[in-house]
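Colleague: Sharing a model that was predicted from the sequence below.
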Amino acid sequence: MQTFLSSTPYAVRVRPLLCVQFLGVFNDNAFKMLAILAVIGSGVDPFRDAAFMFTITIFYVAPFLLLTAPAGKLSDVFQKRYVLILTKIWELGVMLLGAFCLGNAGAWGVFPLLAVMFLMTSQTSFFSPAFNGILPETFSERELSKANGDIGMASFIAAITGIGAAPLLKHLSGKIASGLAENGIQAPDAFFFSGVWLCIFSVIGILFAFKVIPTAEYEQKFAEAKRKGSLMRSLVLGWRALTERKSILLAALGDAFFIGIGVAVQTLLVMFAKYGLK
């Protein structure tokens, strides 16, 4: 373990992980905002739009509640680097589907967008345990706090820029579509082109995922055998680890509380901007 960590510079180990996380969080938030713009942007009924915001939030959160436990077990069974690569390829497929759903939102309605949202956060549910689990295998105890700080900062920046970049991507994509139309080229609408941008970011994320360095676990332990234990045992151990120390439980509850506040404020701001700022 020490040989692996000491032989590879910190920047070389953290850079691909940081970029993979940044691009994934950016895409999640940008697609969610594009879906909201595609539906609410043309809406005139505040009750209908509020119902859509409520529904898309449910579809966004549900996979984290339903799939995180089996996803964690999957990361215990298979090498985490491979899980990262496969989930990034999954993300590209979801973004391709999302581009078509965004471009045809007027004709297809909201349900395809909700389905893509569910698939997108399902992908994140499988990506996150592998990503979080690979960090202590990639960094020493002394480096782990710094790595968590760097990646955490990148995640928050990605979430903020993803939300803010969605209207800019739509505007830029509209300019591209208009330019093609002026030259006699029939082009899809701005939302489809916005989805294409997200597909490009997904491809870049896949390239960085391949650059994630195999960890010491891969070099020393993975050849031994797959992890033993059932999914139920994994759930029991996870719940026990969460609840046996009051400080860890309070930290988890506090994190969930403030994330919930953030989601609620974001939803209210979208509705206020649509119907209050006139």
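Modeller: Cool, the structure landed. Numbers count the residues shown, from 1 in each chain.
Colleague: Which residue is the nearest non-sequential neighbour of Phe64?
Modeller: Distances taken as Cβ to Cβ, 6 or more residues apart in numbering place Ser125 nearest to Phe64, at 5.5 Å, with adjacent residues excluded. For every residue, glycine as well, the C-beta is placed using N, CA and C.
Colleague: just the helices in the stretch 101-250 of the chain please.
Modeller: 105-108, 111-138, 141-182, 190-210, 216-220, 231-243, 246-275 (DSSP state H, counting those that start in this stretch).
Colleague: pretty sure Asn27 contacts Ile200?
Modeller: No. Counting by Cβ atoms under 8 Å, Asn27 sits too far from Ile200 to count as a contact (10.1 Å).
Colleague: quick one: the strands in the stretch 1-150 of the chain?
Modeller: Here the stretch 1-150 of the chain has no strands by DSSP state E, counting those that start in this stretch.
Colleague: which stretches of it have low pLDDT?
Modeller: 1-6, 42-44 (pLDDT under 70).
Colleague: If we use 50, what do you get?
Modeller: For the stretch 1-150 of the chain, applying pLDDT under 50 flags the ranges 1.
Colleague: quick one on the thing from earlier: tell me the contacts of the residue nearest to Phe64?
Modeller: Pro63, Phe64, Leu66, Leu67, Thr68, Ala71 (Cβ atoms under 8 Å, 6 or more residues apart in numbering).
Colleague: what's the answer for Val270, then?
Modeller: Contact analysis of Val270 by Cβ under 8 Å, 6+ apart lists Ile36, Ile40, Met53.
Colleague: okay if I get those as CSV plus neighbour count and distance to Gly133?
Modeller: Formatted as CSV, the contacts of Val270 follow (neighbours: other Cβ atoms under 10 Å; distance: Cβ to Cβ, whole Å):
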residue, neighbour count, distance to Gly133
Ile36, 21, 32
Ile40, 21, 37
Met53, 19, 33
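Colleague: Next step: the residues you listed restricted to helices.
Modeller: Judged by DSSP state H, helices contain the following of those: Ile36, Ile40, Met53.
Colleague: The second one and Ala30: what is the separation?
Modeller: As for Ile40, its distance to Ala30 is 16 Å (criterion: Cβ to Cβ, to the nearest Å).
Colleague: same check, this time on the first one
Modeller: Look at Ile36 and Ala30: by Cβ to Cβ, they are 11 Å apart.
Colleague: again, but for Gly184
Modeller: For Gly184 relative to Ala30 (Cβ to Cβ), the value is 31 Å.
Colleague: Pick out whichever of these two has more residues nearby.
Modeller: Ala30 (28 against 6; other Cβ atoms under 10 Å).
Colleague: I figured that one hits Gly162, correct?
Modeller: Yes. Counting by Cβ under 8 Å, Gly162 is a contact partner of Ala30 at 4.1 Å.
Colleague: buried stuff in stretch 189-206?
Modeller: Of the residues in stretch 189-206, 189-199, 201-202, 205-206 count as buried by neighbour count, 16 or more other Cβ atoms under 10 Å.
Colleague: Closest one to His171 out of the residues you listed, please.
Modeller: Taking Cβ to Cβ as the measure, Ala190 is the one of those closest to His171, at 7.6 Å.
Colleague: Just list the residues touching that closest one, thanks.
Modeller: Shown in contact with Ala190 (Cβ under 8 Å, 6+ apart): Lys170, His171, Ser173, Gly174, Ala177.
Colleague: repeat for Ile213
Modeller: Thr8, Val12, Arg13, Pro16, Thr138.
Colleague: can you put the helices of the stretch 101-250 of the chain in a markdown table and add distance to Trp90?
Modeller: Listed next are the helices of the stretch 101-250 of the chain as a markdown table, based on distance: least, Cβ to Cβ, whole Å:
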| stretch | distance to Trp90 |
| --- | --- |
| helix 105-108 | 22 |
| helix 111-138 | 5 |
| helix 141-182 | 18 |
| helix 190-210 | 10 |
| helix 216-220 | 21 |
| helix 231-243 | 20 |
| helix 246-275 | 23 |
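Colleague: between those, which one is nearest to Ile85?
Modeller: Of the helices of the stretch 101-250 of the chain, nearest to Ile85 by Cβ to Cβ is helix 190-210, at 4.7 Å.
Colleague: and that closest one, what's its mean pLDDT?
Modeller: Helix 190-210 shows a mean pLDDT of 94.
Colleague: now do stretch 243-260
Modeller: Rounded mean pLDDT across stretch 243-260 is 80.
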